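> Here is a sequence together with a model predicted from it:
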Amino acid sequence: MCSCGSPLLVDYNLDELQKNFTAEDLKGRENSIWRYHELLPVEDRENVVSLGEGMTPLVSFTNLGEDMSLENLYMKDEGLIPTGSFKARGAAVGVSKATEIGVDELAMPTNGNAGAAWSLYSARAGLQSTIVMPKDAPEITRTEVSLSGSNLYLVNGLISDAGKIVGKAVKDYNLYDASTLKEPYRIEGKKTMGLEIAEQLNWKLPDVIVYPTGGGVGLIGIYKALKELKTLGLVEGSLPRLVAVQSTGCAPIVQAWENGERESEFWNDSSTLAFGINVPKALGDFLVLDALYDTDGCAVAVDDQAILDEQEKIAGLEGSFVCPEGAATFVAIRKLREEGWIGQNETVVGLNTGAGIKYPDTVQVDPEMLEKNDTL
Ligand SMILES: *Cc1c(COP(=O)(O)O)cnc(C)c1O
């Protein structure tokens, strides 16, 4: 982080790269985020800490699209990545770069998935890690962190409270602060979602990209990636309209967008079953809002019941068990289609940021339905 308290972002010499880099160069490269190494901050390939993350499927959702009267709907499926959430992308690049600059021990607050990914990638890199998470975070993520040998602390509060504890620990024990946007490399990992979407659509950008937004790093990253691809001449035309989706129980970015503000206000008593997007105030909120305004995008809040209904609908129509945050994305798409904000022929990509099976306690199947399944 900059000493002024603002996030730092990584810049590349794109003018230089543009002279001799084309889409052809990517042909035959490994199927992971590291295929884009020219656009990633790790200088020496020896420092790369990888579990094969990236190049997740871009799945056509024809049935769900039909249900919403939308002809070109896709899901980018981050459920199929090491650690079961897209947080692996940020962790892979963040931990690799931490290794490169000689870090021994890092610390971070988390709502669960980021802590799981960073502790596991740290273990692979031989780094010590300290993870602080709300005690209500999904239990599976706690298990992942403990199992990796990381120092785990639970806090009776929200991620913002965990952040304060980490802030103090970092100073007192001289740890590397890996909090969202306090180091600039996590966003570089997350931006690879944008690079992949462009490549998977054969360098023809979609009209709309919809993203479940907590800290907003994924959305800021996708926006950054698309701008870099444009500078490199790999994509043309206007950028997709970016949409930030939040829960009605925690919608600071939506509120700011609706009021035309450049920054959000702390959302009191936030709560949603989509744990990954329960962030009452994001450090990079102004970057998220810039991305929405710049691309003529918007921000949408959806409620928890609609999330559960959509999750069931997606499983039934498409055979995909998405996480609640991913389901929120498709609730928003449905809503924007109904309102006419999304046109029938537009190409729309929704991010499913994690695997539904990481949330075994979220979905309550009707007990009557289970009773019908007699034991044989
Ligand atoms: C962290 C997380 C999000 C929110 O991501 P940001 O980039 O921080 O906005 C969404 N979904 C899941 C499953 C997450 O773990």
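Okay, I see it. Residues are numbered from 1 along each chain as shown.
> hey, let's count contacts and neighbours off CA atoms from now on
Fine.
> So which residues on the chain come close to the ligand?
85, 113, 212-218, 276-277, 325, 353-354 (CA under 6 Å from any ligand atom).
> among these, which are in strands?
Pro212 (DSSP state E).
> is it possible to export the residues of the chain next to the ligand to TSV including neighbour count and pLDDT?
Output for those, formatted as TSV (neighbours: other CA atoms under 10 Å; pLDDT from 0 to 100):
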residue	neighbour count	pLDDT
Ser85	24	97
Asn113	27	95
Pro212	31	98
Thr213	30	98
Gly214	28	96
Gly215	22	93
Gly216	26	95
Val217	25	95
Gly218	29	97
Gly276	24	92
Ile277	24	95
Glu325	32	98
Thr353	28	98
Gly354	26	97
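> quick one: average pLDDT of the helix or strand harbouring Ala299?
Ala299 belongs to strand 298-302 when assigned by DSSP states H and E. Across strand 298-302, pLDDT averages out at 98.
> How about stretch 254-273?
Throughout stretch 254-273, pLDDT has a mean value of 96.
> the helices in the stretch 251-376 of the chain, which residues?
Ranges of helices in the stretch 251-376 of the chain, per DSSP state H, counting those that start in this stretch, are 252-258, 285-294, 304-318, 324-338, 367-371.
> What helices and strands are in contact with the shortest one?
Counting contacts by 3 or more CA pairs under 8 Å, 6 or more residues apart in numbering; DSSP states H and E, there are no secondary-structure elements packed against helix 367-371.
> Please state the offset of that helix from the chain centre?
The chain centroid and the centroid of helix 367-371 are separated by 34 Å, computed with CA atoms, centre = their mean, to the nearest Å.
> same thing with the first one?
Computed by CA atoms, centre = their mean, the chain-centroid distance of helix 252-258 equals 19 Å.
> burial of Thr62, as a residue count?
17 (other CA atoms under 10 Å).
> So the residue nearest to Val10 when sequence neighbours are not counted: helix, strand or coil?
Closest residue to Val10 apart from its sequence neighbours, by CA to CA, 6 or more residues apart in numbering: Pro184 at 6.3 Å. Secondary structure state of Pro184, per DSSP: H, G, I helix; E, B strand; the rest coil, is coil.
> Please look at Pro184 and Pro7 and confirm they touch.
Yes: counting by CA atoms under 8 Å, Pro7 is a contact partner of Pro184 at 7.2 Å.
> ok, those two, which is more surrounded?
Taking neighbours as other CA under 10 Å, Pro184 and Pro7 compare with Pro184 leading, 20 against 16.
> And the more buried one, its phi and psi?
Dihedral pair for Pro184: phi -90, psi 0, per degrees, to the nearest 10.
> now Gly79
Gly79 adopts backbone torsions of phi -70, psi -20, taken as degrees, to the nearest 10.
> Next: Val245.
According to degrees, to the nearest 10, Val245 has phi -110, psi 130.
> Kindly state the pLDDT recorded for it?
pLDDT, read off for Val245, is 98.
> Could you do Asp11 as well?
Asp11 carries a pLDDT value of 92.
> That one sits in which helix or strand?
Asp11 is located outside every helix and strand, with elements delineated by DSSP H and E.
> okay, now it: neighbour count?
Asp11 is flanked by 10 other residues according to other CA under 10 Å.
> can you list the weak-confidence ranges in this protein?
1-5, 370, 374-376 (pLDDT under 70).
> residue nearest the centroid of it?
Closest residue to the average C-alpha location of the chain: Gly218 at 4.1 Å, with CA atoms, centre = their mean.
> which residue sits closest to Phe266 in space, ignoring its chain neighbours?
Nearest residue to Phe266, sequence neighbours excluded (CA to CA, 6+ apart): Lys281, at 4.9 Å.
> Can you give me the neighbour number for that neighbour?
If you count neighbours by other CA under 10 Å, Lys281 ends up with 21.
> Please report how far Ser60 lies from Met193.
The spacing between Ser60 and Met193, counted by CA to CA, to the nearest Å, is 16 Å.
> Which of these two has more residues huddled nearby?
Between Ser60 and Met193, Met193 has the larger neighbour count (other CA under 10 Å), namely 27 against 15.
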